[in-house]
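1. any chance you could fold what I've pasted below:
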Amino acid sequence: MTTNNPNIGPLPSFGLAAIAACWAETVTIPLDVAKVRLQLQKVGPDGSVRYKGLVHTTSLVVKEEGVRALWKGCVPGLHRQVLFGGLRIGLYPPVKQYFENAGLTGLPNKVAAGVTSGFIAISVANPTDLVKVRLQVQGREGGPPKYTSAVGAYFKIAREEGIAGLWTGWSANVLRNSTLNAVELAGYDVVKETLLGFGMADDIPCHFVSGLGAGLMAVCIGSPLDVVKRRLMGAKEGEFKGLLDCFVKTFTREGPFAFYKGFIPNFCRFAGWQSTMFVTLEQLRAAYLRHQN
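-> You can find the predicted model right below:
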């Protein structure tokens, strides 16, 4: 999938990636809602927590807020995937080819391309990520919702916090998404190449297993960055002074395991998203090439 193909130009590559990313987002966003609730919850004075795992969190959200709450943030999530998913995945092949032409090959080439395309993509898409998180955390502490729609949230944040407010959490987001993009895309390439080297056919099972492998690598490396990013975006005003402050306060108050809160739903989300997206994208690319020929 990620090998640069001259028959697929930058614009079709972006479009196919955006479609695949949006489908994966729609299918797996209930897992993301549960993951966010688990990551952002605070431990009570007696050590108690409100949410106690993936199944409990999901059932509690449905019981208190209805089934539709599991798709909170879906609209900005799709906004995000059109921009972020389309750009980071769509730009990866041409950026990888650019670095290859400059003499960078092998795994360093894949990592550099992943970091670069991830940086560009999330810098553009940060407002969509912010609104998605803000909508997902509504309801965790009761009270009327502050935001009633994704579009309304964009305007309300800009009005109350300034245009720059739409880039809240940008530093954590860039660090997280540049890193994860490199891990996911380079990881998929490496796992797929390994499976093909063992004689596995370049088909749906291979793409599915490669996506699972990329998801596992991503969640192991990315969970601490994911927790900090979401805490910064979902924080009350003045709660954290920035990226480093959030890291330090989370570590001192809750210990190192706080950075892996929601690990199981995080893995289910990452692995489910990656396998769904890569299988879909491989099929879309194959169909596009058949149509071109």
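2. got a list of contacts for stretch 174-186?
-> The contact list for stretch 174-186 (C-beta atoms under 8 Å, 6 or more residues apart in numbering) reads 2, 84, 88-89, 92, 107, 110-119, 121-123, 214-215, 217-218, 221-222, 225-226, 228-229, 243, 274. C-beta: built from backbone N, CA, C; applies to glycine.
3. so which helix or strand of this structure has the lowest pLDDT on average?
-> Sorting the helices and strands of the chain by mean pLDDT, DSSP states H and E puts helix 74-80 at the bottom, at a mean of 84.
4. so which elements touch whichever helix or strand comes after it?
-> Next along the chain after helix 74-80, taking DSSP states H and E as the criterion, comes helix 86-101. For helix 86-101, the contact count by 3 or more C-beta pairs under 8 Å, 6 or more residues apart in numbering; DSSP states H and E identifies helix 10-40, helix 106-137, helix 170-197 as packing neighbours.
5. now the angle from helix 86-101 to helix 10-40?
-> Taking axes from the mean of the first three to the mean of the last three C-alpha atoms, to 10 degrees, one finds helix 86-101 and helix 10-40 inclined to each other by 120 degrees.
6. what comes up buried for helix 86-101?
-> For helix 86-101, a neighbour-count test (16 or more other C-beta atoms under 10 Å) marks 86-100 as buried.
7. now swap in stretch 276-289 and tell me
-> Of the residues in stretch 276-289, those buried by neighbour count under the rule 16+ other C-beta under 10 Å are 276-282, 284-285, 288.
8. could you list which of these belong to helices?
-> When DSSP state H is applied, the buried residues of stretch 276-289 are split such that 276-282, 284-285, 288 fall in helices.
9. turn these into a markdown table, including distance to L166 and pLDDT.
-> Below are those laid out as a markdown table (distance: C-beta to C-beta, whole Å; pLDDT from 0 to 100):
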| residue | distance to L166 | pLDDT |
| --- | --- | --- |
| T276 | 28 | 95 |
| M277 | 25 | 95 |
| F278 | 30 | 95 |
| V279 | 33 | 96 |
| T280 | 29 | 96 |
| L281 | 28 | 95 |
| E282 | 34 | 95 |
| L284 | 31 | 95 |
| R285 | 33 | 92 |
| Y288 | 33 | 92 |
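10. pLDDT weak spots in this protein?
-> 1-7, 139-143 (pLDDT under 70).
11. repeat the analysis, applying 50 as the threshold.
-> Within the chain, the set of residues satisfying pLDDT under 50 comprises 1-4.
12. list of residues touching stretch 137-156?
-> For stretch 137-156, the external contacting residues (C-beta under 8 Å, 6+ apart) are 36-37, 40-41, 50, 61, 64-65, 69, 72-73, 75-76, 79, 127, 131-132, 134-135, 166, 234.
13. nope, stretch 33-51 is what I was after
-> 53-54, 57-58, 60-61, 69-73, 133, 136-137, 140, 226-227, 230-231, 234, 254, 261-262, 265-266, 269.
14. next, count neighbours for the closest residue to M277 other than its chain neighbours.
-> Leaving aside its chain neighbours, M277 sits nearest to A24 (3.8 Å; criterion: C-beta to C-beta, 6 or more residues apart in numbering). Summarising burial for A24: neighbours were counted as other C-beta atoms under 10 Å, giving 23.
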